[in-house]
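Asker: fold the following for me, if possible:
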Amino acid sequence: MFTENRRLRDELRTTHARIAALEAERNDYLRKDRRAGVLTLDAFREAAAAALRGSQRRGEPAALVLVDIDGFRALNGRRGAAVGDEALATVALRLRELVRGGDVVGRTGADEFAVVMPGANLAGARGVAERLVAVLEQSGPVTVSAGIAVDGGTGQLDGLMADASAILERARIAGGGRVGAPGRQPSVEPSRGAIGALALALAERDRGTGEHAEQVVALAGAVARRMNLDGEEVERIAAAALLHDIGKVAVPDSILNKPGALNDEEWAVMREHSIVGERILRAVPGLGPVARMVRHGHESWDGSGYPDGLAGEAIPLGSRIVLACDAYDAMTSERPYRPAMAPPEAVAELVAGAGGQFDPRVVEALVGYLEDRTPLEYAARTPA
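Answerer: A predicted model of the protein is given here:
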């Protein structure tokens with residue numbers, strides 16, 4: 001009898017333990033946002049408030065980082081909810097990789113995340129935010145803006161959220177893809193002047209390259225609008241089109257102006273220009289997304305391009321648009337080593353390359369735009 005009672009007690013303990021584990025698992029499941037895998041708003045507020053009280057008791061600093069996905073509503077509308085969900089998951093994953101074990105991460109809005117960092121000062125919080133912005137710029141396809149607030153000893157979550165939100169809004173107004181912090185006021189669109197200066201430098205370096213860039217800008221902007229991209233993305237693509245050859249400032253004149261075909265060594269130097277272009281543009285605040293488009297401006301839809309051999313949707317859409325428009329303008333322009341093609345002939349080349357070198361959707365949009373142009377405009381590009 002004693003043995004039987006002990007067995008029953010053991011079974012009862014095991015059952016209770018299983019129930020407790022299942023209950024804990026259920027509670028954890030309910031506290032996590034299903035799309036992002038971080039705490040829900042209510043769970044975040046509870047955990048963040050506790051973390052702030054702990055920092056206050058210990059006399060430690062604390063910081064809050066608020067992160068917003070740039071252009072999330074347009075991304076959802078343009079590419080669907082599944083792509084929006086993927087963007088949320090990507091940002092949450094990168095954020096979890098960057099924060100410390102004791103930091104509290106939650107989804108606080110449709111396209112917004114927050115991190116409470118107990119024991120962290122402004123420099124520590126800024127480091128996390130800037131690394132997140134840089135990682136997402138380099139990996140794509142989304143970029144984020146961030147705002148930072150530092151606890152002054154009150155331990156009040158709502159006050160920190162309000163301060164970080166105001167700073168985040170200034171970062172968004174300034175063009176997105178950047179970090180705002182206390183005492184740091186980002187100026188509105190600081191990259192516009194830099195874009196003009198770089199374009200002028202390119203034109204001075206090689207007048208033909210500068211004129212070609214202007215033609216590509218007009219085509220790329222028209223194609224982007226025809227593909228129903230939002231205004232902000234059209235501007236970024238136009239900037240990438242204008243500066244897609246900026247890396248050629250580092251190419252020697254003997255290669256850049258060679259009248260004949262390049263040899264293998266010369267091609268190796270020429271192919272570096274997209275990487276050089278990316279480095280130049282990344283030095284300009286706010287031009288990270290444009291720099292990424294420029295780096296991948298010679299990637300092919302089928303993966304045969306350079307410098308990274310990306311394929312399909314892994315290539316930034318702006319890069320795919322600029323590539324096709326660049327190719328069309330190059331084919332219909334005179335070169336020292338060949339005459340210009342007639343527009344219909346160049347269009348045939350684009351169509352033949354769809355699915356290989358070019359994104360078929362981009363080719364369709366570009367050809368549609370060209371065919372909609374007036375006969376006079378079309379004839380103007382036709383060699384006599």
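Asker: what segments of the stretch 1-150 of the chain are helices?
Answerer: Listed in chain order, the helices found in the stretch 1-150 of the chain under DSSP state H, counting those that start in this stretch are 2-31, 41-58, 72-79, 81-98, 122-139.
Asker: comparing these, which yields the minimum mean pLDDT?
Answerer: When the helices of the stretch 1-150 of the chain are compared on average pLDDT, helix 2-31 comes out lowest at a mean of 58.
Asker: now do the same end-to-end measure for stretch 334-347.
Answerer: With CA to CA, to the nearest Å applied, stretch 334-347 spans 16 Å between its terminal residues.
Asker: buried set for that stretch?
Answerer: By 16 or more other CB atoms under 10 Å, the buried positions in stretch 334-347 come out as 340-343, 346-347. All C-beta spots, glycine's among them, are computed from the backbone N, C-alpha and C.
Asker: next: stretch 362-373.
Answerer: By neighbour count, with 16+ other CB under 10 Å as the criterion, the buried positions of stretch 362-373 are 362-367, 369-370.
Asker: kindly reformat the residues you listed as TSV containing secondary structure.
Answerer: As requested, the buried residues of stretch 362-373 are arranged in TSV below (DSSP: H, G, I helix; E, B strand; the rest coil):
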residue	secondary structure
Val362	helix
Val363	helix
Glu364	helix
Ala365	helix
Leu366	helix
Val367	helix
Tyr369	helix
Leu370	helix
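Asker: closest to Gly180 out of the residues you listed?
Answerer: Val362 (34.4 Å; CB to CB).
Asker: show me what contacts that closest one?
Answerer: Contacts for Val362 (CB atoms under 8 Å, 6 or more residues apart in numbering) come out as 223, 227, 317, 320-321, 323-324.
Asker: out of the residues you listed, which is most surrounded?
Answerer: Ile321 (33 neighbours; other CB atoms under 10 Å).
Asker: check the gap between Val284 and Glu272 for me.
Answerer: Noted for Val284: a distance of 20 Å to Glu272, by CB to CB, to the nearest Å.
Asker: how many neighbouring residues does Asp329 have?
Answerer: 22.
Asker: which strand or helix spans Gly159?
Answerer: Assigned by DSSP states H and E, Gly159 belongs to helix 157-173.
Asker: now the angle from that helix to helix 122-139?
Answerer: Compare the direction of helix 157-173 with that of helix 122-139 by axes from the mean of the first three to the mean of the last three CA atoms, to 10 degrees and you get 40 degrees.
Asker: now helix 157-173, how far from the chain's geometric center?
Answerer: Taking the mean C-alpha point of helix 157-173 and that of its whole chain, the gap between them comes to 21 Å (CA atoms, centre = their mean, to the nearest Å).
Asker: quick one, that helix and helix 41-58 angle?
Answerer: For helix 157-173 against helix 41-58, the angle by the same axes, to 10 degrees is 110 degrees.
Asker: picking that back up, of the contacts of Val362, which is the nearest to Ala311?
Answerer: Closest approach between these and Ala311, by CB to CB: Arg320, at 10.9 Å.
Asker: and the closest one, what pLDDT?
Answerer: 96.
Asker: got the contact list for it?
Answerer: Taking CB under 8 Å, 6+ apart, one finds 299, 301, 358-359, 362 in contact with Arg320.
Asker: closest one to Ala125 out of those residues, please.
Answerer: Compare each of those with Ala125 using CB to CB and the shortest gap goes to Glu299, at 35.2 Å.
Asker: okay, now that closest one: neighbour count?
Answerer: By the other CB under 10 Å criterion, the neighbourhood of Glu299 contains 25 residues.
Asker: now do the SS call for it.
Answerer: Reducing the assignment to helix, strand or coil with three-state DSSP, the entry for Glu299 is coil.
Asker: one step back: closest one of the contacts of Val362 to Leu242?
Answerer: Ile321 (12.9 Å).
Asker: what's near enough to touch the closest one?
Answerer: With CB under 8 Å, 6+ apart as the criterion, the residues that contact Ile321 are 220, 223-224, 227, 237, 241, 359, 362, 366.
Asker: for the helix holding Gly159, packing partners?
Answerer: Contact analysis of helix 157-173 by 3 or more CB pairs under 8 Å, 6 or more residues apart in numbering; DSSP states H and E lists helix 41-58, strand 62-69, strand 112-118, strand 144-150, strand 179-180 as its packing neighbours.
Asker: got any ranges where the stretch 151-300 of the chain has weak pLDDT?
Answerer: Per-residue confidence of the stretch 151-300 of the chain (counting by pLDDT under 70) places the weak regions at 173-175, 184-194, 196-197, 199, 201-211, 285.
Asker: rerun at 90
Answerer: Residues of the stretch 151-300 of the chain that meet the criterion pLDDT under 90 lie in 152-156, 168-218, 228-236, 238-239, 242-273, 277-292.
Asker: so for Val105, what's the pLDDT?
Answerer: Here, the pLDDT recorded for Val105 equals 94.
Asker: now Glu299: closest residue in space, sequence neighbours ignored.
Answerer: Gly305 (4.0 Å; CB to CB, 6 or more residues apart in numbering).
Asker: ok, Val276 next?
Answerer: Nearest non-adjacent residue to Val276, counting by CB to CB, 6+ apart: Gly247, 3.6 Å away.
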